[in-house]
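Visitor: predicted model and sequence follow; I will ask about them next.
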Amino acid sequence: MLFRSRYAGTLGLAGQWEDGIAAAEHGLVLNPTLSPLHGWLSQAYDRMGEPAKSDGHRRLFERFSRLDDRKDAQGE
């Protein structure tokens, strides 16, 4: 799934924000807990002038990042 994050980021860097967002959203269909994709989508939606979507993905990024940190601390 890291591929989706990198692919979305590459599309964004190329100015293809809509395609990058579509790639990231597809990655979340496959695994909705991927915090990097939520973080990227938060930034992408902010750039696209969609603050509600940006805020929603920012909150999910923060939530899933905390869960990832707990898993790391527990050695999972």
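Guide: Right, received. Where do you want to start?
Visitor: C-alpha from now on. contacts and neighbour counts both.
Guide: Will do.
Visitor: OK, contacts around the residue nearest to Ser35 when sequence neighbours are not counted?
Guide: Closest residue to Ser35 in three dimensions, ignoring its sequence neighbours and counting by Cα to Cα, 6 or more residues apart in numbering: Phe61, at 4.7 Å. Under the criterion of Cα atoms under 8 Å, 6 or more residues apart in numbering, the contact partners of Phe61 comprise Leu34, Ser35, Pro36, Leu37, His38, Gly39.
Visitor: now do Gln43
Guide: Applying Cα under 8 Å, 6+ apart, we find Gln43 in contact with Ser54.
Visitor: tell me the pLDDT at it?
Guide: Per-residue confidence (pLDDT) for Gln43: 95.
Visitor: scan the chain for its longest helix.
Guide: Within the chain, and with DSSP state H defining each element, the longest helix by residue count is helix 51-74.
Visitor: for that helix, buried residues please.
Guide: Of the residues in helix 51-74, Lys53, Ser54, Asp55, His57, Arg58, Leu60, Phe61, Phe64, Ser65, Asp68 count as buried by neighbour count, 16 or more other Cα atoms under 10 Å.
Visitor: so what's the residue count around the closest residue to the second one other than its chain neighbours?
Guide: If I follow you right, that is Ser54. The spatial neighbour of Ser54 that comes closest, neighbours along the chain excluded (Cα to Cα, 6+ apart), is Ser42 at 4.0 Å. For Ser42, the neighbour count with other Cα atoms under 10 Å is 25.
Visitor: from what I see, Ser5 and Leu34 are in contact.
Guide: No: applying Cα atoms under 8 Å as the test, Ser5 and Leu34 come out as separate, 9.0 Å apart.
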